[in-house]
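[1] the amino acid sequence is not available; the structure is as follows:
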């Protein structure tokens, strides 16, 4: 079993990560690939993306939407029946009670809206935010444990 983990803080990094998996041949060409993609919190506090520092929350949410919509064709191609992956899922962030900034719920809603009508048997949408809303406080530093 091989597990490859990419930290893509923004949607525009996803196509590059998928391209790397597609191009990796070093004995893994026949390996089954399943992809889960989950992004969002870096848009709320874009410390690693200086060009986003001056954007308002509304503009950051629009950037999140734009970036996700631009990444979807690469995701669809990678996850399609003739693509590299056998299955894929776009997953919202998990909910933590400490997440008091409204931006997290806004990215969840935006992801849900964008994915509405674009899912298939090879590209699924998992609303982890809604699934974890009622979990007790089991978050460590803003991450589900």
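    Thanks, I have it. Here the structure is a predicted model, which is why all the values come from computation and not from measurement.
[2] pull the residues that contact the host helix or strand of residue 73.
    Take DSSP states H and E as the rule and residue 73 turns out to sit in helix 57-79. Helix 57-79 has contacts (CB atoms under 8 Å, 6 or more residues apart in numbering) with 10-12, 14-15, 18-19, 21-22, 35, 37, 39-40, 43-44, 46, 52, 55, 83-85, 87-88, 90, 102-103, 106-107, 110-111, 114, 118, 122-123. Every C-beta, even on glycine, is put in place using the N, C-alpha and C of the backbone.
[3] filter these down to just the ones in helices.
    Applying DSSP state H to the contacts of helix 57-79, the entries found in helices are 14-15, 18-19, 21-22, 43-44, 103, 106-107, 110-111, 114.
[4] where is pLDDT lowest across those?
    Least confident of the ones in helices among the contacts of helix 57-79 in the model: residue 44, at 80.
[5] that residue: how many residues sit nearby?
    Close neighbours of residue 44, defined as other CB atoms under 10 Å, add up to 17.
[6] what residues are up against the residue lying closest to it once chain neighbours are set aside?
    Distances taken as CB to CB, 6 or more residues apart in numbering place residue 103 nearest to residue 44, at 3.9 Å, with adjacent residues excluded. By CB under 8 Å, 6+ apart, the residues touching residue 103 are 43-44, 57, 60-61.
[7] now do residue 9
    The contact partners of residue 9, taken as CB under 8 Å, 6+ apart, are 39, 42, 48-49.
[8] and residue 58, how far is that from residue 106?
    Look at residue 58 and residue 106: by CB to CB, to the nearest Å, they are 9 Å apart.
[9] higher neighbour count, the two?
    The residue with more neighbours, out of residue 58 and residue 106, is residue 106; 19 against 9, by other CB under 10 Å.
[10] so who does that one touch?
    Counting by CB under 8 Å, 6+ apart, residue 106 touches residue 61.
[11] same question for residue 46.
    Counting by CB under 8 Å, 6+ apart, the residues that residue 46 touches are 52-53, 55, 60.
[12] any of these buried? List them.
    Buried subset of those (neighbour count, 16 or more other CB atoms under 10 Å): 52, 60.
[13] could the contacts of residue 46 go into CSV alongside distance to residue 31 and pLDDT?
    Formatted as CSV, the contacts of residue 46 follow (distance: CB to CB, whole Å; pLDDT from 0 to 100):
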residue, distance to residue 31, pLDDT
52, 35, 90
53, 40, 88
55, 39, 91
60, 37, 92
